[in-house]
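Engineer: give me coordinates for this.
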Amino acid sequence: MVIVHEDRLGANIFNHANSFRCTNYVDVSMIAIAVIGSKKSGKTTTIEALAEGLTRRGYRIATIKHISEPDFTIDTERKDTWRHAQAGAQTVVTVAPKELAIIKRGSTRKLTLQEIVKNCQNNTDLVILEGFRSLVEHEPRVFKIVAIKTFEEALAASKRFKPIIAFTGSAALTARKLGIPVVDAVREQKDLVKIVEKIIAADTGRRQSGSILP
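Structural biologist: All right, here's what the predicted structure looks like:
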């Protein structure tokens, strides 16, 4: 069951965000939500539920995943694109009948959240990030959903991340006492989407009134 005072959700979250100051805001033309949590806590399941539900509602969704493996590449060794890169191409673009992919080679260690999110600017209403805990920790323009496996994880997250709009994961119900919405991402997909839609509505209202974060 979702635990949330629905009529106050949007206002509470934006008031909380306004209490922070940050010099590197995420692009205000899009809403960003980070799904964070420990390994195997249900982050990807939560993102699947959000992306499917919001897409069904007509929103254009982009997702960005943080991958910690130092030698990871989405390319395939000895394929043409891999050979292009090995020959020195820093950017490789593939265009297929139903997909366009861009691979940019180079270190990502110094990328800011702003620079990462800019890759999703076109034709996107909302960007969902998986991971990036250190980058979103002090960013009030990024709303957080935390997937948890224990109450201790929920308690630690509530002290570290602001604003948190929901807890999901196998131990989410244990976090009810923290006063943050608790949702089963699989069984209560509509409720999770509804929480995010309230964020979108509140943000849209602020834009129309000219009241956005400084």
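
Engineer: torsion angles phi and psi at residue 152?
Structural biologist: phi -60, psi -40 (degrees, to the nearest 10).

Engineer: residues near it, how many?
Structural biologist: 11 (other CB atoms under 10 Å). For the C-beta atoms, the positions are set from N, CA and C on the backbone; glycine is no exception.

Engineer: likewise the one 5 residues further on?
Structural biologist: Burial of residue 157, expressed as a neighbour count using other CB under 10 Å, amounts to 23.

Engineer: so which residues of this structure form strands?
Structural biologist: For the chain, the strands defined by DSSP state E cover 31-37, 61-65, 91-96, 99-104, 126-130, 142-147, 164-168.

Engineer: residues in contact with residue 178?
Structural biologist: Residue 178 makes contacts with 154-155, 158, 167, as judged by CB atoms under 8 Å, 6 or more residues apart in numbering.

Engineer: quick one: low-confidence ranges for the protein?
Structural biologist: Applying pLDDT under 70 to the chain flags the ranges 1-29, 207-214.

Engineer: can you pull out the helices in it?
Structural biologist: Assigned helices in the chain, in chain order: 9-18, 43-56, 80-86, 113-117, 133-136, 151-160, 189-209 (criterion: DSSP state H).

Engineer: for the third one, buried residues please.
Structural biologist: Going back to what we said before, that points to helix 80-86. 81, 84-85 (16 or more other CB atoms under 10 Å).

Engineer: thinking again about what came up before, among the contacts of residue 178, which two are most distant?
Structural biologist: Farthest-apart pair in the contacts of residue 178 is 155 and 167; separation 10.7 Å (CB to CB).

Engineer: neighbour-wise, which of these two wins?
Structural biologist: It is residue 167, of residue 155 and residue 167, that has more neighbours when counted by other CB under 10 Å, with 29 against 15.

Engineer: correct me, but that one touches residue 179?
Structural biologist: No. Using CB atoms under 8 Å, residue 167 is not in contact with residue 179, being 10.7 Å away.

Engineer: export the helices of the chain to JSON lines and append columns for distance to residue 175.
Structural biologist: Formatted as JSON lines, the helices of the chain follow (distance: least, CB to CB, whole Å):
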{"stretch": "helix 9-18", "distance to residue 175": "16"}
{"stretch": "helix 43-56", "distance to residue 175": "14"}
{"stretch": "helix 80-86", "distance to residue 175": "44"}
{"stretch": "helix 113-117", "distance to residue 175": "26"}
{"stretch": "helix 133-136", "distance to residue 175": "18"}
{"stretch": "helix 151-160", "distance to residue 175": "4"}
{"stretch": "helix 189-209", "distance to residue 175": "15"}
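
Engineer: from residue 61, how far out is residue 67?
Structural biologist: Here residue 67 is placed at a distance of 19 Å from residue 61 (CB to CB, to the nearest Å).

Engineer: ugh, typo on my part, it should be residue 48
Structural biologist: 11 Å.
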